[in-house]
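Here is a sequence together with a model predicted from it:
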Amino acid sequence: MTRLDEAAGPVDRFDAARLTLQAHRNTGGCLHCRPEGCEQLRWAVEELSQHPGGRPLLAQARIPLSGTHPCSSEEGRSW
Ligand SMILES: [Zn+2]
């Protein structure tokens, strides 16, 4: 069982973020989704953007990295 609101460890946090992103891709949302946005998804994007392994996942999900300009050098890479 994973407590999303507790920092269990880098791997657990990454995994939880990955699953959160996956859930939003598969089902289009989660229990935390609100009309104005999703705190859970925002956390997941934040978490994944800080991991090298998470960036390809964000790219696949077509979710722009916060603070990263679309024209950055990573745009041209094929993952
Ligand atoms: Zn959500």
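Received the coordinates, thanks.

which parts of this structure sit against the ion?
Residues of the chain lying near the ion by Cβ under 5 Å from the ion: 29-30, 32-33, 38, 40-41. Just so you know, the C-beta spots here come from the backbone N, C-alpha and C atoms, and that holds for glycine as well.

same thing but 6 Å
Residues of the chain lying near the ion by Cβ under 6 Å from the ion: 24, 29-30, 32-33, 38, 40-41.

Where does Val45 fall, secondary structure wise?
Assigned by DSSP states H and E, Val45 falls within helix 39-49.

list the buried ones in the helix or strand just after that helix?
Heading C-terminal from helix 39-49, the first helix or strand you meet, by DSSP H and E, is helix 55-60. By neighbour count with 16 or more other Cβ atoms under 10 Å, helix 55-60 contains the buried residues 55, 57-59.

returning to what we had before: of the residues of the chain next to the ion, select the buried ones using a PyMOL command.
A single PyMOL command selects the buried members of the residues of the chain next to the ion (16+ other Cβ under 10 Å):
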select buried, resi 24+33+38+40+41
